[in-house]
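Trainee: When you get a sec, could you give me coordinates for this:
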Amino acid sequence: MKPLTLVAARRWWPLALGVLLGAIAGLLVSLLGSGVRRAEASVLISSPAGPAAVTPMLPNLRELAKSGVVAGNVQSTLRLTKSTRDLRRQLHATVRPQSEVIAISATDEHADYARQIAQEAAVVFAQLVDTRFGTAKPALHAAVLDSAHVLGGPDRHLSRNALVGALVGLLLGSAGVFLLASGARPVVAVGGDDDRLRKRESVLEQRVKGVTARERAVAVQAGKLAAREQELEARAAKVTATEREACALPAPLPEPVPEPEAKAEPALPAQAGAWNLYELQNAVDAQTGVTPEQAEIWRAHLYFLREHASSDGSLPSAFDPLIADVFAEIVHGGPSGAPMLR
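Mentor: Numbering: from 1, shown residues only. Model (predicted):
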């Protein structure tokens, strides 16, 4: 007969082995996988009227920093293949406590891409602030205080993946222990019963070895997949660099083609030197053939013009050039087919 301690050890060793192999598999996935990188740039908001005039505008400026207007300009400038909506998910903006600084950050799997997106977003945001609020009262100005830089290293979640792997190994080991316990017989058996017990233990050990071999194969396959992902990322980076070199070559300028003179159809009559916010709102709502990005740009401008409008909706004449530029399709009768502003 076999000692009780030896029988107990044979029953519980699959549990410990499963936990160990699961934790090792989780660590391999963490080490061989890619992490998300984050880059950040800082923009300083100033005003001739002092910090008291800047502080109330910081929440609105923070929303502008991560709006579709900024994302669309960044996507167009960097010639990104992703959509404006996906790019907005990568942009983040926060106001530094007790300061007039807005931190703009971007996330990406590649540190260089994250830094380029954050830097371009900070430059576009500073230009928008100067354009829209440079002539307002009080006037606001923005300048890039700190260029974009990558924050720390990638978060590979070592502890989390190791814990998940250990839990999976615990489940597999528990199944092995259950199989051993369900097929075991009392140790007091002698003769033919003892032989049958040894045969069942041998079969269970072979099954546990098969499960262990499958776990090892899964871990090896995970390592190969991670290596394949890194190879694909390297190829993608190489293709992107080649495309940038091709785009950098100057394209031949087309010969100028004389455009036929079109009779301008003034859609907006003069309104004593000022526009009306409510008329602009109604004209924007009537547009049906514009893109979602264009509609979002119009609504963002209406949101910032609202605080400068009087009770009857009249806007100061200082905003006339801005309105004529941003709402050009409405002013000159765009292709949407909606009624023009009167």
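Trainee: For the protein, which segments are assigned as strands?
Mentor: Counting by DSSP state E, the chain has these strands, from start to end: 37-46, 91-95, 101-108, 141-151.
Trainee: Packing partners of the third one?
Mentor: With contacts defined as 3 or more CB pairs under 8 Å, 6 or more residues apart in numbering; DSSP states H and E, the packing partners of strand 101-108 are strand 37-46, helix 58-65, helix 84-90, strand 91-95, helix 111-133, strand 141-151. The way it works is simple: take the backbone N, C-alpha and C, and place the C-beta from them, glycine included.
Trainee: Parallel or antiparallel, list what pairs with it.
Mentor: According to DSSP bridges, strand 101-108 has the following sheet partners: strand 37-46 (antiparallel), strand 91-95 (antiparallel).
Trainee: related to what we said a few turns ago, turn the helices and strands packed on strand 101-108 into a markdown table, including mean neighbour count, mean pLDDT and distance to Arg198.
Mentor: Output for these, formatted as a markdown table (neighbours: other CB atoms under 10 Å; pLDDT from 0 to 100; distance: least, CB to CB, whole Å):
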| stretch | mean neighbour count | mean pLDDT | distance to Arg198 |
| --- | --- | --- | --- |
| strand 37-46 | 21 | 92 | 57 |
| helix 58-65 | 18 | 92 | 73 |
| helix 84-90 | 16 | 90 | 61 |
| strand 91-95 | 18 | 93 | 64 |
| helix 111-133 | 21 | 92 | 59 |
| strand 141-151 | 16 | 90 | 61 |
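Trainee: quick one: which of the ones you listed is nearest Arg200?
Mentor: strand 37-46 (53.9 Å; CB to CB).
Trainee: quick one, helices of the protein?
Mentor: 4-32, 51-54, 58-65, 68-78, 84-90, 111-133, 158-183, 192-248, 277-286, 292-305, 320-326, 328-331 (DSSP state H).
Trainee: Test my guess that Leu44 contacts Ala142.
Mentor: Yes - between Leu44 and Ala142 there is a contact at 6.9 Å, judged by CB atoms under 8 Å.
Trainee: What residues does the most centrally placed residue in the chain make contact with?
Mentor: Residue closest to the average C-alpha location in the chain (CA atoms, centre = their mean): Gln90, at 2.8 Å. Neighbouring residues of Gln90 by CB atoms under 8 Å, 6 or more residues apart in numbering: Ala106, Thr107, Asp108, Ala114, Ile117.
Trainee: cool, Val69 as well?
Mentor: Applying CB under 8 Å, 6+ apart, we find Val69 in contact with Leu128, Glu296, Ile297, Ala300.
Trainee: Just the pLDDT at the second one, thanks.
Mentor: By that I understand Glu296. At Glu296, the pLDDT value in this model is 91.
Trainee: Next one, pLDDT for Val290 please.
Mentor: Val290 is given a pLDDT of 84.
Trainee: So what's the residue count around it?
Mentor: Neighbours of Val290 under the rule other CB atoms under 10 Å: 18.
Trainee: What backbone torsions are found at it?
Mentor: phi -100, psi 160 (degrees, to the nearest 10).
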